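S.K.: with the sequence up front, the predicted model follows.
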Amino acid sequence: MARSSVITHPLSRRRLLKGGAALGIGSAAALGLRPAWANPWGQTNTYAKGIEEGPEVALAIRRESLEIDGQAARPYTINGESPGPMIRLKEGQDAVLRVTNLLDEPTSIHWHGLILPPDQDGVPGVSFAGIAPGETFTYRFPVRQNGTYWYHSHSGLQEQLGHAGPLIIDAAEREPFRYDREHVLLLTDWTFEDPMAVFRNLKTAEGYYNFQERTIGDFFADVREKGFAATAEMRGMWAKMRMSSRDIADVTGSTYTYLLNGHSPEENWTALFKAGERIRLRVINGSAMSYFDVRIPGLKMTVVAADGQPVQPVPVDEFRIGVAETYDVLVAPEDDTAYTIFAESMDRSGYARATLAPREGMAAEIPERRRIADRGMEAMGAHGMDHSSMSDSDMEGMDHSNMSGDDREGMDHSEMDHGGSMARESAKTRGNGMLAAGEAQPGSRYDQAGIGIDPNARRTLVYRDLKAFTPWPDRREPGRELELHLTGNMERYMWSFDGKTFSEVTGPIHFEKDERLRLILVNDTMMEHPIHLHGMWMELENGQGELIPRKHTLNIKPGERVSALITADAEGSWAFHCHLLYHMDAGMFRVVKVA
C-alpha cells in the first residue's frame, strides 16, 4: 500500500481559466497571479523570522542569550532564532537537512507529521541515537506529502525553551483552494523558569500554577443557579478526589508568556494584507502544554486543512487547536482596517495576539478574555459512574494508574456514552460485532468543541465538521481492534497508558505489517490529551463514513472514547505519546512496532 498523503485535483490551465471566468474572476486572479507583488503560490510575508528553502537545508542548534517579551532569556536557538526558522520544502523533493549540535548536551529534531523512514524520524532511543554535542546528523528522506507541519526537539524538555519551528511543504499540484497571500502563525508558550523546575513544581503540588481557583463568591453563585444541595454535592465530589474543577491546564499564564511567531501580545506582530485579498493562515500549535481558542473578530474563517491534510471547507468564527495540531484557514478582509488575531488559552489565563492589517503600526481592539470554566460531570464521571455515593476508599479507584486491566474492563466502557447511557445499539455494526469503518464510537463527543466554549456564542469548529476531500486509498474494514486507556494520577503527576508509565512497560505495542486496525482511545482522566502517532496517519472515525479525516494528532477530551483507523504500512519502531510535554515526560509514552 502506498503511503502518500497527497490529495490533488489536477486541473489544466484551460479549465482553471474557464472556471475563473465563470465565477467572474479575472483569469490571472483565478491562478493566483495578481496582485503583481504576490507570486502564484501566495508566499508573501510568510513568517516573522527566517526562511530556509529546501531541498538542502543546514541548521545549527545553540543555547543563546536573546530577548523575549522585553526580558533577557536563554532559549535554544536554531540558526540564531527562537522559535527556529521556517523550513520550506516541496512535494516530490528528496530533502537533505543537516543538523549541527552546538550545545553541550545531546539534541534532536522530529519532523512532526511527516511520513518518512523510522531512522529519520528523530526520536532518540527509538530508531535514532540522537545528535551528540559537536556532531552533525544529516536527515535524508523523500517528501511525499504537502501541507502545514512543524518540527521540534524530542530530547528532554528542550521543546519548552524554543526548540521548534514551522515546516511548510508546497504542493506539486495546485491545491483545491485559491489564495493570494499566506501567513504562518506559530503559537508557543514560554516560561522564564527552568523547565525542570516547572516539572518538579507539578509533582510537588497539584494545581501549583492554577491561580484561578473557586471563591466563596463562585460557591454562592452556583447555589443561586443550581441550588444548595446540588452545589454541595458537586463540591464534595471534587474535594474527595483532591482535585479542583478548575484544573483546566497544568501550566498556566502564571508562568507562561504566550507567543505568536515568538512575539508577546504587547509586541503586536503584524501580518500584512491588501483589502480584497484571500489570505491563507497556516496556524500551528507548537506549544509545550497550551491549548488555544483562535478567532479574528470581524472576520469569518474557512477551515481548509487539518494537520496538513485538505478538508472540505468549513466556515467558522473560532477553532480550538490542541497541542501539536495544525489548521489552515482562509480569510478575506474587504475593508482597509486592522483585525486582531486572538489566541486565548483554554484556561483563560492569558492569550497570544497578532494583528492582521493593511499597514504596519495598526492595531484593533483586543477582545475581553472569557472567564475560566468549571469541569463538569463529563470529566468527573469518565463514563457516567455515580461518584456521589462513593466513600473515600472508593474514590481511590479513580486513580486509574493503580487499576488492573480487569478493573477497567469491569467498568464496561464500551457500552456507555459520556452520559452513561447504552449507545451501542444505535451504531452500525458488522457481522463480527465491530463498528463499520468510519462510524463514531459510542462515548465520543465530536460535536462538542470542549470546555469553556459556548456553542451559542459563535460558530466553533468541532471534529464532526472535518471531512476529507476524497476517501483514503485503503478502504478495508479493520481486521482487529486495539483499545488503550489514557490514565493518570494528578496528585502524584503520573501519566500513563493502561495504568503503566513508559518505564513500567516491558515491550512495544505491536502492529502487523500492512494490517488495517482500529485504535480505540479511552480517556479515563480529567484532562485533555493530544495523542500523537509517529510514522502513520490516524483516520479519525468521526461519523463521516468513507470521508473521515486523516490526522497525526488527536485531541481526546476527559471521559471521551474515540477511535481511528490505521493502515500499518510503516515498518519499524515509532513513538506514540501524549503531546503535552510534561505528560510525555511523566510516562504517557509508548513505542509502536510495525513488523
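M.R.: Arrived safely. Remember, it's a predicted structure, so these values are computed and weren't measured experimentally.
S.K.: could you list the low-pLDDT ranges of the stretch 401-550 of the chain?
M.R.: The model of the stretch 401-550 of the chain has pLDDT under 70 over residues 401-427, 431.
S.K.: ignore the last one, the chain
M.R.: Ranges of the chain meeting pLDDT under 70: 1-46, 211-226, 228, 230-246, 376-427, 431.
S.K.: just the helices in it please.
M.R.: 13-22, 27-30, 195-204, 216-226, 228-240, 377-381, 392-395, 405-410, 581-585 (DSSP state H).
S.K.: now do the contacts for Glu64.
M.R.: Residues in contact with Glu64, defined by C-beta atoms under 8 Å, 6 or more residues apart in numbering, are Arg74, Pro75, Thr77, Gly80, Ser82. Using the backbone N, CA and C atoms, a C-beta is placed for each residue, glycine as well.
S.K.: over to Cys578?
M.R.: Contacts of Cys578 (C-beta under 8 Å, 6+ apart): Leu486, Trp495, His529, Pro530, Ile531, His532, Met584, Met588, Phe589.
S.K.: can you redo those as a markdown table with neighbour count and distance to Ala354?
M.R.: Below are the contacts of Cys578 laid out as a markdown table (neighbours: other C-beta atoms under 10 Å; distance: C-beta to C-beta, whole Å):
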| residue | neighbour count | distance to Ala354 |
| --- | --- | --- |
| Leu486 | 24 | 33 |
| Trp495 | 28 | 32 |
| His529 | 25 | 28 |
| Pro530 | 20 | 23 |
| Ile531 | 27 | 29 |
| His532 | 24 | 26 |
| Met584 | 20 | 28 |
| Met588 | 25 | 32 |
| Phe589 | 21 | 33 |
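S.K.: tell me the two of these that are most distant?
M.R.: Pairwise distances across the contacts of Cys578 peak at 14.0 Å for Trp495 and His532 (criterion: C-beta to C-beta).
S.K.: which non-adjacent residue is nearest Ile341?
M.R.: Excluding the flanking residues, the one nearest Ile341 by C-beta to C-beta, 6 or more residues apart in numbering is Ala354, at 4.4 Å.
S.K.: which strand residues bridge that neighbour?
M.R.: Residues in a beta bridge with Ala354, per DSSP bridges, are Trp269, Ile341.
S.K.: from Met196, how far off is it?
M.R.: According to C-beta to C-beta, to the nearest Å, Ala354 stands 31 Å off from Met196.
S.K.: could you do Ile248 as well?
M.R.: Per C-beta to C-beta, Ile248 is found 24 Å from Met196.
S.K.: grab the nearest non-local neighbour of Pro358.
M.R.: Going by C-beta to C-beta, 6+ apart, Pro358 has Asp336 as its nearest residue, at 5.3 Å.
S.K.: chain center to stretch 97-106: distance?
M.R.: How far stretch 97-106 lies from its chain's middle: 26 Å, per C-alpha atoms, centre = their mean, to the nearest Å.
S.K.: next: stretch 116-130.
M.R.: Worked out by C-alpha atoms, centre = their mean, stretch 116-130 lies 21 Å from the chain centre.
S.K.: what's in contact with that stretch?
M.R.: Contacts of stretch 116-130 (C-beta under 8 Å, 6+ apart): 106-111, 139-142, 154-155, 534-535, 570-575, 591.
S.K.: try it again with 6 Å
M.R.: 106, 108-110, 139, 141, 154-155, 534, 572-573, 575, 591 (C-beta atoms under 6 Å, 6 or more residues apart in numbering).
S.K.: what does stretch 254-269 give?
M.R.: Outside stretch 254-269, the residues within contact range by C-beta under 6 Å, 6+ apart are 48, 69, 83, 186-191, 193, 209, 211, 350-355, 363.
S.K.: repeat that with 8 Å
M.R.: The contact list for stretch 254-269 (C-beta under 8 Å, 6+ apart) reads 47-49, 68-70, 81-83, 162, 184-193, 198, 209-211, 287, 289-290, 292, 341, 343, 345, 349-355, 363, 366.
S.K.: got the buried residues for that stretch?
M.R.: Neighbour counts over stretch 254-269 (16 or more other C-beta atoms under 10 Å) mark 255-265, 267-269 as buried.
S.K.: before we move on, what about stretch 199-209?
M.R.: Buried residues in stretch 199-209 (16+ other C-beta under 10 Å): Phe199, Asn201, Leu202, Glu206, Gly207, Tyr208, Tyr209.
S.K.: ok, the first one touching Gly156?
M.R.: Okay, so that is Phe199. No: contact criterion C-beta atoms under 8 Å: Phe199 and Gly156 do not qualify, at 10.2 Å.
S.K.: any residues in contact with both of these two?
M.R.: By C-beta under 8 Å, 6+ apart, Phe199 and Gly156 have these common neighbours: Asp585.
S.K.: out of Ala354 and Met196, which sits in the more crowded spot?
M.R.: Ala354 (26 against 12; other C-beta atoms under 10 Å).
S.K.: any idea how far the more buried one is from Asp180?
M.R.: Distance from Ala354 to Asp180, by C-beta to C-beta: 19 Å.
S.K.: returning to what we had before: just the buried residues out of the contacts of stretch 116-130, in ChimeraX syntax.
M.R.: Buried residues among the contacts of stretch 116-130 (16+ other C-beta under 10 Å), as a ChimeraX selection:
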select :106,108,109,110,139,141,154,155,534,572,573,575,591
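S.K.: endpoint to endpoint, stretch 557-577 covers what distance?
M.R.: This stretch, stretch 557-577, spans 15 Å end to end (C-alpha to C-alpha, to the nearest Å).
S.K.: stretch 551-566 now?
M.R.: Where stretch 551-566 begins and where it ends lie 11 Å apart, using C-alpha to C-alpha.
S.K.: hang on, the earlier thing: what is the nearest of the buried residues of stretch 254-269 to Asn523?
M.R.: So of those, ranked by how close each gets to Asn523 (C-beta to C-beta), first place is Tyr256, at 23.7 Å.
S.K.: identify the bridge partners of that closest one.
M.R.: Beta-bridge partners, per DSSP bridges, of Tyr256: Thr191.
S.K.: verify the contact between Asp447 and Thr460 for me.
M.R.: No: look at Asp447 against Thr460 with C-beta under 8 Å: they stay out of range, at 10.7 Å.
S.K.: so what's the residue count around Ser563?
M.R.: Residues near Ser563, counting by other C-beta under 10 Å: 26.
S.K.: could you work out the most separated pair of the buried residues of stretch 199-209?
M.R.: Put simply, by C-beta to C-beta the two of the buried residues of stretch 199-209 set farthest apart are Phe199 and Gly207, 15.1 Å from each other.
S.K.: residue contacts, the most centrally placed residue in the chain?
M.R.: For the chain, Glu325 is the residue whose C-alpha lies nearest the centre (C-alpha atoms, centre = their mean; 2.6 Å). Neighbour list for Glu325: Asn285, Ala306, Asp307, Pro530, Lys551, Thr553, Asn555 [criterion: C-beta under 8 Å, 6+ apart].
S.K.: quick check on those residues: which are buried?
M.R.: Asn285, Ala306, Asp307, Pro530, Lys551, Thr553, Asn555.
S.K.: which one of those residues is nearest Gly438?
M.R.: Distances from Gly438 to the buried ones among the contacts of Glu325, taken as C-beta to C-beta, are shortest for Lys551 (14.1 Å).
S.K.: is that closest one in a bridge, and if so with what?
M.R.: Met538.
S.K.: my read: it touches Ala306, true?
M.R.: Yes: in this structure Lys551 lies within contact range of Ala306 using C-beta under 8 Å: 6.3 Å.
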